[in-house]
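In: sharing a model that was predicted from the sequence below.
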Amino acid sequence: MPSNFLDLHIVDFCQLDCKHCYLKKGKRAMPLDMLRAFSEDFLQIDFPLPRSDLILSGGKPLLHPKFVEACNIIRKLKGNITMSTNGILIPKFIHTFQRNNGIQVSIDGDRETHDRIRGNGSYDKAIEALENLREDGIRHSIGFMVCIKNFYCIDHIIELRRGIRNE
C-alpha cells in the first residue's frame, strides 16, 4: 500500500559500531513533546495517499529511553510505525509492535561478513529478530546495504529473504 513517510531520528546513538555507519556515538534522544508535535503536524496533512507512516530512526530507536511511550503517542494519533533496526532489541520490544508496523532488520551478508561489519554475534541476533517478527505476524523486511565489504553476499541475502517471509 502506498504511503507518505516522515523520518524522525529519535536518537543519535547505537549499541554497535558498524564499519559503514556515518553516525558517531551521541547521547541525545528526541523529547516526547517534540515527537508529538512533529507527528501531529504530519498526520494532519491531507495527503492523496491513504496511509501515513512515521519512520522511527536514528541510531537505534529502540534505545530511546521512552520508546514504548513514543509508539503509543504515534498510535494515539492514528499513525503507522515503521522502523529500521539491527534487531538486537527486538525480542525485548516484540510486545510493542503491531501487525501493521513495518520493521526492517539490517543484514549485511552471511554470518561471517555481517559479524565482521557489525560485531560478533550480531548476525544471529538479527536472524532471531526476523524469526520473532514472523512468528508474531508483524510486517518485516531485510535491509541490505551493498558495499565493497559485502557485495559477494547478495545471493545469501536473497536466499535468506526467501526463507523468512510474512505469513
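Out: Good, I have the coordinates. Numbers count the residues shown, from 1 in each chain.

In: which parts of the protein are strands?
Out: 3-9, 51-57, 80-85, 102-106, 140-143 (DSSP state E).

In: format the ones you listed as CSV; extra columns: distance to residue 150.
Out: Where C-beta positions appear, they are placed from N, C-alpha and C, glycine not excepted. Shown next, in CSV, are these (distance: least, Cβ to Cβ, whole Å):
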stretch, distance to residue 150
strand 3-9, 24
strand 51-57, 21
strand 80-85, 17
strand 102-106, 11
strand 140-143, 12
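
In: in a markdown table, list those along with distance to residue 134 and mean neighbour count.
Out: Shown next, in a markdown table, are the strands of the chain (distance: least, Cβ to Cβ, whole Å; neighbours: other Cβ atoms under 10 Å):
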| stretch | distance to residue 134 | mean neighbour count |
| --- | --- | --- |
| strand 3-9 | 21 | 15 |
| strand 51-57 | 20 | 20 |
| strand 80-85 | 15 | 22 |
| strand 102-106 | 11 | 20 |
| strand 140-143 | 7 | 18 |
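
In: go ahead and flag the most central residue of the chain.
Out: Centroid-nearest residue in the chain: residue 84, 1.8 Å away (criterion: Cα atoms, centre = their mean).

In: quick one: closest of the strands of the chain to residue 133.
Out: strand 140-143 (4.0 Å; Cβ to Cβ).

In: check what contacts that closest one and list those residues.
Out: 84, 102-107, 130, 133-134, 157, 160-161, 164, 166 (Cβ atoms under 8 Å, 6 or more residues apart in numbering).

In: which helix is the longest one in this structure?
Out: helix 122-135 (DSSP state H).

In: please name every helix or strand in contact with it.
Out: In terms of contacts (3 or more Cβ pairs under 8 Å, 6 or more residues apart in numbering; DSSP states H and E), helix 122-135 is packed against helix 90-93, strand 102-106, helix 111-118, strand 140-143.

In: can I get the first one in PDB, CA atoms only?
Out: So the one you mean is helix 90-93. Taking Å, rounded to 0.1, in the frame of the first residue of the first chain, the C-alpha atoms of helix 90-93 are listed here in PDB:
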ATOM      1  CA  ILE A  90      13.500  -6.900  19.000                       C
ATOM      2  CA  PRO A  91      12.900  -9.700  21.500                       C
ATOM      3  CA  LYS A  92      12.700  -7.200  24.400                       C
ATOM      4  CA  PHE A  93      10.200  -5.000  22.500                       C
END
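
In: list the buried ones in it?
Out: 90, 93 (16 or more other Cβ atoms under 10 Å).

In: contacting residues around residue 45?
Out: Residue 45 sits in contact with 4, 52, where contact means Cβ under 8 Å, 6+ apart.
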